[in-house]
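>>> 3D model of this:
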Amino acid sequence: MARGWFGPAAAVVAAVTAARIAALAFDRTDLFVDESQYWLWGQHLDLGYYSKPPLIAWVIRAVTELFGSDAPLVVRLPGAILHGVTALILGAVAARLFDARAAVWTAVTYLTLPMAALGSLLISTDTVMAPFFAGAILMYLRAADTGRAGAAALAGVLAGLAVLAKYAGVYFLIGAGLAAAFVPTVRLSLRGWLLLLAAFAATILPNLLWNLANQLATLEHTMDNVGWVRGESWLAGLNPSGLAEFLIAQFAVAGPVVFAAVLWGCVRPRQPALRALAMLSAPALLIVSMQALLAKAYANWAVAAYFAGTVLAVAMMRARAPRLLPVSAAINGAVSVLLPLCIVLAPWPAVDGKPLLARYLGRADLSRQIIAAAEGQGLSTVAAADRDILADLFYTGRASGLAFAAPAPAGRPRNYYEQTYPLGDGPMPVLLVADTAPPCASEPPVARFATAAGAYSGRSIAAWRVTADCANAAR
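Numbers count the residues shown, from 1 in each chain. Model (predicted):
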């Protein structure tokens, strides 16, 4: 393993991470709906949740307990740190496979990926998964190189933790299996594989048991997202434009030069180390591309490709086109500077009068208006079917003393709020927040809310004083 790379790489990582944390201190955006939901999960620690495995909730709870604060800065703080750690782990992967120069370039390249820059300013399951997935790759390669049982077991534990952050962590096992099949130099012994798989299974077992005890809630939600698995004639509905959109989006996720280099490396890996990295990268891209063709896929669903993929991209550029390394760093570095500026200067910039970060603005303001309306009506419960509205009400209204609920679902819950906070039945008066009046409302709305800018721009959101029975009937 190459030496002499860690000091320079750590200095760059520390400087960039500190700058990103400083930007968070002046952040003018609100928590996004997913971030607020993850925070709420952290208030009720469990082994699993409606739509995701539990690790992100545990991380948020840990950091808020550590700092004694639930402020957005604290909730989002792990993002910058976890991506910085991931950059150094991937640097270690490059140092093991190549040399010190590759290690430094890998750390810098990962740190400036658009997905890492954005993930450092938010808190997401991708971000929490990142260091564990990268660590699993490093330990797997170490186990293959040294034959050490401890490294194999640790690779399994880290892969399991990656899955506990996001189920996409399973791409590690697929990639490692392919690498072992096609690249003899990275094969584990039978004992090594048994240790890795046993450690992986033991790590994810609590979440598997939770799913079994909760009607496979997370699996059901995942199947909803995949979509085509519930259909009968998916071949008739191929979506080539969706595939094209997904692939184009990857140039923004990883940066244009890096994504092109990843594709290049997956198609033409000419040495064993490159082939191993290609096998570890390709499954996420191929599987999510298939999903995009069959139904839809969001750009971040293939993030798991870019851990080994970053090392692969740097190695390909160094071998074939070294001048592209600084070009890539400059392009992605510009994005890495622009994104923190945007959160500090929000609502600037705006396009056609709409803030570029509109989805992160106006959420807390609407919640404060709703809370004031409930207090003005002397009501203790607010109900809303809109998941976005509920998510921020729980966060912004955490000290209000009000109760927040979703109308009780008629069938299987469609989100975490319907599953965990359903509104009870009866004549109890509640404040129902919606875009349109419920059919059972006999009085005009008691409040109309200002939504001129931000996430709710263009919507006419109001509140009605109704009974719980009426709110449930309006779901």
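>>> nearest residue to Arg320 other than its sequence neighbours?
With sequence-adjacent residues excluded and distances taken as Cβ to Cβ, 6 or more residues apart in numbering, Arg320 is closest to Trp264, at 7.7 Å. C-beta coordinates here come from the backbone N, C-alpha and C atoms, glycine included.
>>> swap in Arg20?
Setting aside the residues directly before and after it, Arg20 is nearest to Ala80 in space (Cβ to Cβ, 6+ apart), at 4.1 Å.
>>> surely that neighbour is within a strand?
No - membership of Ala80 in a strand is not supported by DSSP: H, G, I helix; E, B strand; the rest coil, which gives helix.
>>> and it, how far from Gly119?
Using Cβ to Cβ, to the nearest Å, one gets 9 Å for the distance from Ala80 to Gly119.
>>> quick one, which of those two is more surrounded?
A direct count of neighbours by other Cβ atoms under 10 Å for Ala80 and Gly119 places Ala80 higher, at 27 against 23.
>>> what does the domain assignment say about this structure?
If the domains of the chain are taken from automatic domain parsing, they occupy 227-321, 362-473, with pieces of a single domain joined by a plus sign.
>>> would you turn these into TSV with mean pLDDT?
TSV is the format used below for the domains of the chain (pLDDT from 0 to 100):
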stretch	mean pLDDT
domain 227-321	91
domain 362-473	96
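>>> before we move on, back to that, which positions within the host helix or strand of the residue nearest to Arg320 qualify as buried?
When secondary structure is defined using DSSP states H and E, the element that contains Trp264 is helix 256-267. By 16 or more other Cβ atoms under 10 Å, the buried positions in helix 256-267 come out as Val257, Val258, Phe259, Ala260, Ala261, Val262, Leu263, Trp264, Gly265, Cys266.
>>> out of those, which two sit at the greatest distance?
Spanning the widest gap among these are Val257 and Cys266, at 15.2 Å by Cβ to Cβ.
>>> re the thing from before, what residues are up against the residue nearest to Arg20?
Under the criterion of Cβ atoms under 8 Å, 6 or more residues apart in numbering, the neighbours of Ala80 are Thr17, Arg20, Ile21, Leu24, Ser120, Leu121.
>>> of those, buried ones?
Burial by neighbour count, judged by 16+ other Cβ under 10 Å, picks out Thr17, Arg20, Ile21, Leu24, Ser120, Leu121 from these.
>>> just give me the closest of these to Ala149.
Using Cβ to Cβ, Thr17 comes nearest to Ala149 of these, at 33.8 Å.
>>> how about the strands of this protein, start to end?
Assigned strands in the chain, in chain order: 350-351, 354-355, 381-384, 403-405, 429-434, 447-448, 462-467 (criterion: DSSP state E).
>>> for those strands, please prepare a markdown table with the additional fields distance to Gly135 and mean neighbour count.
What follows is these, written out as a markdown table (distance: least, Cβ to Cβ, whole Å; neighbours: other Cβ atoms under 10 Å):
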| stretch | distance to Gly135 | mean neighbour count |
| --- | --- | --- |
| strand 350-351 | 39 | 10 |
| strand 354-355 | 37 | 17 |
| strand 381-384 | 40 | 25 |
| strand 403-405 | 38 | 21 |
| strand 429-434 | 43 | 26 |
| strand 447-448 | 50 | 16 |
| strand 462-467 | 48 | 22 |
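>>> could those strands go into CSV alongside distance to Leu138?
As requested, the strands of the chain are exported to CSV (distance: least, Cβ to Cβ, whole Å):
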stretch, distance to Leu138
strand 350-351, 41
strand 354-355, 40
strand 381-384, 45
strand 403-405, 43
strand 429-434, 48
strand 447-448, 55
strand 462-467, 53
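>>> in contact with the residue lying closest to Thr106 once chain neighbours are set aside, which residues?
Residue nearest to Thr106 in three dimensions, not counting chain neighbours: Ala94, with 4.0 Å by Cβ to Cβ, 6+ apart. Shown here is Ala94, whose contacts under the criterion Cβ under 8 Å, 6+ apart are Ala102, Ala103, Trp105, Thr106, Ala107, Val311, Val314, Ala315.
>>> pretty sure Ile331 is touching Gly255, no?
Yes - here Ile331 lies in contact with Gly255, judged by Cβ atoms under 8 Å, at a distance of 5.9 Å.
>>> those two: which is more packed in?
Residue environment comparison for Ile331 versus Gly255 gives the larger neighbour count to Gly255, 29 against 17, counting by other Cβ under 10 Å.
>>> measure that one to Pro429 for me?
From Gly255 across to Pro429, the span is 54 Å (Cβ to Cβ).
>>> please apply the same query to Tyr421.
When Cβ to Cβ is applied, the distance between Tyr421 and Pro429 equals 18 Å.
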